Structures are given as structure tokens and as C-alpha cells.
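*Asks:* sequence-free structure coming up:
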């Protein structure tokens, strides 16, 4: 399933997150990379170096936008000014699809700047799906929602996280950015079988996959994006690829960022699984 | 699709019920208040506060963590995130106040003014005003005036980094074919990335000295790792600047940040232009004192030179733009 309506019928391969410590390396050495994922909010500015760098990147590379502040799950109305800024960036980058998180994080215009999990209720699913549709209609670009890592569960929940994800994406008719590291982190924190999650999602809606590292503490795991991808997450990734097919994959590394080459090499490990699946499909 | 379970009837005074749209809003408001509530002096969730007491019944415990412990993860992460953002944007203020006082100030500021923007970039926008309130001087005494100057200067740097740049107006445009019949009536504006600051301290030199020290420490970092057995000495902070009226323009050129010292007359002229005063009025605002009775032509000539040289320089730096453009 390399191309589907939720990733703009693209076949993007393996990308890495565009991060400030790598700017100089990328612009001077121009390494071969399938695509870069940018954090939309870092470029929703009016001028200066961020946009200057982005324009240089866009001359050489394909870019996909990933957001952290749309808060599809917040009960607040969508901020039109925010959407206008985002649409201007969408026009600039020509991103074939756009992703943000299935979570909430703001209340009445006050921002926590966190990705807080939803209470998995039918009312929340309806409201979230409605906002996703509004945003997609305004931005005129396919949308994918990402499952978040979580450290908390709520008494109000009426279904599992993966049931909630399916409920939302079906109602919104949008794509899924499947973060297999987040599934692993949440499965360890809430003691569920991550394979059940992978097996439950609708493979036709997966537009993109995220992989990342995390930090283990005594009684919980934090999604810190500051380590290489661990073996159990690679295993889950293999399961996801087996189920979904070769899908655009992105390595997130946001803290204690090593050299570009190290990040790139870690991301490239995913080609092993992608190529194997492609070979299998070709033989079939 | 999961099966819908029967919803229990709501009770008055019951906890927010996320199984309705109105309930979802109350649910999120309750949790957000607890997530953003100040931590205890030990850096943990304050379990006895009204915010925590309301939010905790919404949270499920598990076999390893109690409900307060799970909520605490978000509470701690929130404060780490917002404090880091302020530390990053105000390094000189931090150096001037010291880590402990800066952190106490930052916590008080963030508790009073939580983020109202989708981006952490705007988090410190209200810090200069916050510092200026008399009741907030406990974090800055005896250096309150300096702290306000530093906060204003460092916020101006944030603005200079990524604010818009309008098509610059060449000085020739003021006198050439594009100018109106009476250039004195022309209204100009300054680049949005430029901030004019009238300060009580020469903080630009202090900030530069700090950055220089940082660079030296960075250059020396490999040596320090190699000699890890030696005790690391705390870097000495440059001396705090003494009071001295200072006028500065913080701006961007070729995507690099600069601060340029101005004289008081140029500062007044630029401020008047940016406030929308017509060119002729802005020029007269720059020189509030009347001409001397003795040899007024010398002073007039000096003033003309200040204006002429100023506009030439500001034109070269691309500071001037047409009003009405956004």
C-alpha cells in the first residue's frame, strides 16, 4: 500500500525529521534523502532564517508537514488564523499530505504544548472527526492523524485506543500516521499487547509510519525521541509493514541529536523491511 | 466498531463527563488546570490543591502508578517544557539574575501568564511588562531596571529572528520620481523585524560578552572532556552593566541578528516614523529643543546632517518601508 488517497498517492520511501543541528550539513553536503518531515509550527513565521532554510531545502528535497498544535481532540473551535498560516505553508511546501496528532492540548486558547491523550468516548470521537473534516476542507490537502504516546488512562473511556483511532478516522474519512514507537510506549505503560493494536488498525488508511527511540524508567516509559529505535519497536515496525505494505517511513530524533549521518543510518535500517516486503509483493 | 455502552445519568456536582460534548470541554479544562498547576517546591504534583483534587478522579491508576503519579508525569513535563523555552530565549537575563532567581521568576510569570499561542516562540512576549510591575520586583531587586532592559532586549532578538521583512525603501525613493509632490507628508514605517529600544543600561555589550564567553567555553569543550578528572570551575559572569542611557535598534540583516546603537535624536526620529508621523513632523520630533539664538544656522546644519546621514544609513540597512504594507 505505498500510495493511497491519504498520502496523496505518493510513494515516498524513508525520510528523516529536519532539525536545526543538521541544517549546515544538509545545505552544504546535500546528502541523498528520500524526503524530510518538518514541524509545521517551526515554519509558520513571517520571515527570517527558518523560511530561508526551508526554501533552500525545498529546492533540493521533498518535504512533508507534520504538526504539533492542531489539537484535533480539543473541545475548542479551530482557530481560523492558525489555519490560514498553515495553509500558506502548505502552499509553500506543496506537502502531499499533512499530519498532526490525535490528542488535545489547549483549552479556551490556553496551550499546554503537550500531546494529551483523549478520553476514548463516542462524543470525543465525533467531535474530533468533525474538526479533522473542517481542517481538511480548509487546507485542501489529505490529512493523517497520529496516535500519541500516553502515560495516563481515563475512567471515562468507552473503548480501547485503537478502537477510538478507527472510530475517528472512519468518521473523518482521513488517514493514519501510525507511530509504532508510540504504540510500544503506550503498550508498556498500560499493559496491552501492541500486536493487537497493529492488527486492529485499518491498513488502507495508513499514510505514513513513524519510528523513534524512547527512555525507560523504573515504572513507565517516556517517549523522548533521544535514542536509536529499539528491537521491540523494529519488530512492531516489521509487523506493521507486513500488514500495511511498504509505507512512507520517518525516523524522529528530537533530543540529544547525533550527527546527520548517524540519524540517516538509523532511518535507513527501515529499508530492510520495506525492500523485503516489496520483494514479497513482486513475487506474489 | 466498538459497542456503545449505556450512559449513566449525570449527577449534579459530579466529575466532568467526557461522554458528551459539553462534558468533554469541562473534562479538558479540569485536566489542563491540573497539568499547568505549579509544582511543589520538591518538583512534584501538589496533590491537595483544588485543581488536583478535581482532576484526579478522572484518572485511572494502574498496577505500577497511582492516579496522582500518572498525572504528575504530565505536570512535570509541562513545567520542564515551558521553563526550557524561557531559559532558551532569555539567557542574559538568566545570567544576570542567577539560575535560582530566574527560575523562581519564570515559574511566577508562567503561572500568571500561561501560553496563549500555538507556538512556544511567543511565550516570553509578556515578560518585560511582567517585570515592570512593582509587585514583581522581588525576583529582580536590586537590578530591576537592568532586568527589564535585558528582557526587552532579548525579546527584541526573538522578534528580529523571524518577523517579516517588507520590501525595503531606497533612500532615493524619497527624493526621486516615486516620492509624492511633498515628501514632508510621506509616512513610512520600519521593518517589522526591527525593534527600537530606549534602555537604561548598555545591555548589548553585556549580551555580547556573555556570547563570547559561551563561544570560548564551547571551543574548549573537548579539552574539558579530556581532563575530566579536574574539577570544573563555574564560568565567571561578565560584570553587570552600570546605568547609562542607551538607544538601540535590534534588527535582522541577511538572516543574522544585529543590534545597532543609535543617538537619541535618531531614536526619536525613527520612533516617530514608526508611529506613523509624516516625514516632516518626524524630523521635527527628533529635535525637541528650539534652535539656539546664537548661530542657529550651525545647529540647523548639524540637524540636517543627522537627518541626511541617518536616512542614508537606514536606507542602506533596509530599515525603511512603505506604510500600508504588511
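*Replies:* Now that the structure is in, tell me what you want to look at. Since the model is a prediction, treat every value here as computed from it, not as a measurement.
*Asks:* only C-alpha atoms for contact and neighbour calcs from this point on.
*Replies:* Fine.
*Asks:* The longest helix belonging to chain A close to chain B?
*Replies:* Determined from DSSP state H, the single longest helix within chain A is helix A:122-139. Yes. Helix A:122-139 lies within reach of chain B by C-alpha under 8 Å from any C-alpha of the partner chain, at A:122-124, A:127.
*Asks:* so where's the chain uncertain?
*Replies:* All of this refers to chain A. Scanning chain A for pLDDT under 70 picks out A:1-2.
*Asks:* nope, chain B
*Replies:* For chain B (pLDDT under 70), the answer is B:1-13, B:174-181, B:214-235, B:324-326.
*Asks:* all strands for it, in order.
*Replies:* B:59-60, B:188-190, B:195-199, B:246-253, B:256-262, B:320-322 (DSSP state E).
*Asks:* Same question for chain A.
*Replies:* Under DSSP E, chain A gives strands at A:14-17, A:35-39, A:63-66, A:98-101, A:104-107, A:110-116, A:143-146, A:153-154, A:175-179, A:206-212, A:215-216, A:221-222, A:249-252.
*Asks:* and of those strands, who's closest to residue B:129?
*Replies:* Proximity to residue B:129, assessed across those by C-alpha to C-alpha, is greatest for strand A:110-116 (19.3 Å).
*Asks:* Can you list the strands that the closest one pairs with?
*Replies:* strand A:104-107 (antiparallel) (DSSP bridges).
*Asks:* Nearest to chain A, out of the strands of chain B?
*Replies:* Chain A sits nearest to strand B:59-60 of all these, at 4.7 Å, using C-alpha to the nearest C-alpha.
*Asks:* Now do that closest one: which elements does it pack against?
*Replies:* On a contact count with 3 or more C-alpha pairs under 8 Å, 6 or more residues apart in numbering or on different chains; DSSP states H and E, strand B:59-60 meets strand A:153-154, helix B:67-89.
*Asks:* tell me the angle of the longest one relative to strand A:110-116?
*Replies:* An angle of 120 degrees separates the directions of helix B:67-89 and strand A:110-116 when computed by axes from the mean of the first three to the mean of the last three C-alpha atoms, to 10 degrees.
*Asks:* about what we covered before: export the helices and strands packed on strand B:59-60 as a markdown table, with columns for distance to residue B:56 and mean neighbour count.
*Replies:* Output for the helices and strands packed on strand B:59-60, formatted as a markdown table (distance: least, C-alpha to C-alpha, whole Å; neighbours: other C-alpha atoms under 10 Å in any protein chain shown):
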| stretch | distance to residue B:56 | mean neighbour count |
| --- | --- | --- |
| strand A:153-154 | 10 | 20 |
| helix B:67-89 | 6 | 19 |
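*Asks:* could these be laid out in a markdown table, adding distance to residue B:123?
*Replies:* Formatted as a markdown table, the helices and strands packed on strand B:59-60 follow (distance: least, C-alpha to C-alpha, whole Å):
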| stretch | distance to residue B:123 |
| --- | --- |
| strand A:153-154 | 29 |
| helix B:67-89 | 7 |
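*Asks:* Those: which one's closest to residue A:92?
*Replies:* helix B:67-89 (27.2 Å).
*Asks:* Give me the contacts around the closest one.
*Replies:* Applying C-alpha atoms under 8 Å, 6 or more residues apart in numbering or on different chains, the external contacts of helix B:67-89 come out as A:112-114, A:151-152, B:34-39, B:43-45, B:47, B:56-57, B:59-61, B:94, B:103, B:106-107, B:110, B:120-121, B:123-124, B:154-155, B:158.
*Asks:* For PyMOL, what selects the buried ones among those?
*Replies:* Buried members of the contacts of helix B:67-89, defined by 16 or more other C-alpha atoms under 10 Å in any protein chain shown, are picked up in PyMOL with:
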select buried, (chain A and resi 112+113+114+151+152) or (chain B and resi 34+35+36+37+38+39+45+47+56+59+60+61+94+103+106+107+110+120+121+123+124+154+155+158)
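*Asks:* Enumerate the residues of the stretch 51-200 of chain B near chain A.
*Replies:* So far as C-alpha under 8 Å from any C-alpha goes, the stretch 51-200 of chain B lies against chain A at B:58-62, B:64-65, B:70-71, B:73-74, B:78, B:81, B:114-120, B:160-165.
*Asks:* again, 6 Å this time
*Replies:* Contacts of the stretch 51-200 of chain B with chain A, taken as C-alpha under 6 Å from any C-alpha of the partner chain, map to B:58-60, B:70, B:115-116, B:118, B:161-164.
*Asks:* Can you convert those into TSV and add a column each for distance to residue B:313?
*Replies:* Putting those into TSV (distance: C-alpha to C-alpha, whole Å) gives the following:
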residue	distance to residue B:313
B:58	62
B:59	62
B:60	64
B:70	58
B:115	38
B:116	38
B:118	37
B:161	21
B:162	23
B:163	21
B:164	20
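*Asks:* For the residues you listed, name the two members farthest from one another.
*Replies:* B:60 and B:164 (46.8 Å).
*Asks:* List the buried residues in the longest helix of chain A.
*Replies:* A:122-133, A:135-136, A:139.
*Asks:* Contacts for it next, please.
*Replies:* Helix A:122-139 has contacts (C-alpha atoms under 6 Å, 6 or more residues apart in numbering or on different chains) with A:72-73, A:87, A:168, A:171-172, B:19-21.
*Asks:* from those residues, which would you call buried?
*Replies:* A:72-73, A:87, A:168, A:171-172, B:19-21.
*Asks:* ok, back up a step: mind checking which of the contacts of helix B:67-89 are in helices?
*Replies:* B:34-35, B:94, B:103, B:106-107, B:110, B:154-155, B:158.
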